[in-house]
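Undergrad: Structure here, sequence nowhere to be found:
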């Protein structure tokens, strides 16, 4: 069995409902062993869009990385994902962040995810699950990489009980 960490994001429609649905669908890849709290995050790169909900799931799987990626892309399509604007709004975004201690670069897949060390919306929920995990190829732990970020502003625990506002306690998916 291998361990994969999958980033989940959504900023269109029922964002929390979509993340719950995606977690159920990730069961087709393997066993969802743990899920971080949900965070509401401000968009990056393309700013003219609604805020995202983000989380990270730890999945144990027998599938190889390419098969995990193919399954994740199929789940995105089933959720209505359209790739019309780079970094634009989406019903669902699934990213294969890590797969065991694998380092690889193919035209379709890079492991670890090439920009995860720059993204608070990935590192904050990943730190909830595995703060002491060393990221392959970096020699740094998740907590160390998180500490190197310039800012964590724009990343807040999501509280659906406050009419969609942010803050509060972790939310179970």
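TA: The structure has been received and is ready for your questions. This is a predicted model, so every value here is computed, not measured. Numbering: from 1, shown residues only.
Undergrad: Count the residues that sit near residue 154.
TA: Residue 154 has 16 neighbours, counted by other Cβ atoms under 10 Å. (Each C-beta comes from the backbone N, C-alpha and C, glycine too.)
Undergrad: Identify the residues contacting it.
TA: 41, 42, 120, 121 (Cβ atoms under 8 Å, 6 or more residues apart in numbering).
Undergrad: can you map out the strands along the chain?
TA: Using DSSP state E, the strands found in the chain span residues 2-10, 30-35, 39-41, 52-61, 93-99, 104-105, 110-111, 155-157.
Undergrad: For residue 73, which of these is the nearest?
TA: Set against residue 73 and scored by Cβ to Cβ, these come closest in strand 93-99, at 7.7 Å.
Undergrad: Any idea how far that closest one is from the middle of the chain?
TA: 6 Å (Cα atoms, centre = their mean, to the nearest Å).
Undergrad: What is that strand packed up against?
TA: Strand 93-99 is packed against strand 2-10, helix 65-78, strand 110-111, helix 120-129, with contacts defined by 3 or more Cβ pairs under 8 Å, 6 or more residues apart in numbering; DSSP states H and E.
Undergrad: buried stuff in the second one?
TA: The reference is to helix 65-78. By 16 or more other Cβ atoms under 10 Å, the buried positions in helix 65-78 come out as 65, 68, 69, 71, 72, 75, 76.
Undergrad: what is the orientation angle of that helix with strand 93-99?
TA: Following axes from the mean of the first three to the mean of the last three Cα atoms, to 10 degrees, one obtains 160 degrees for the angle between helix 65-78 and strand 93-99.
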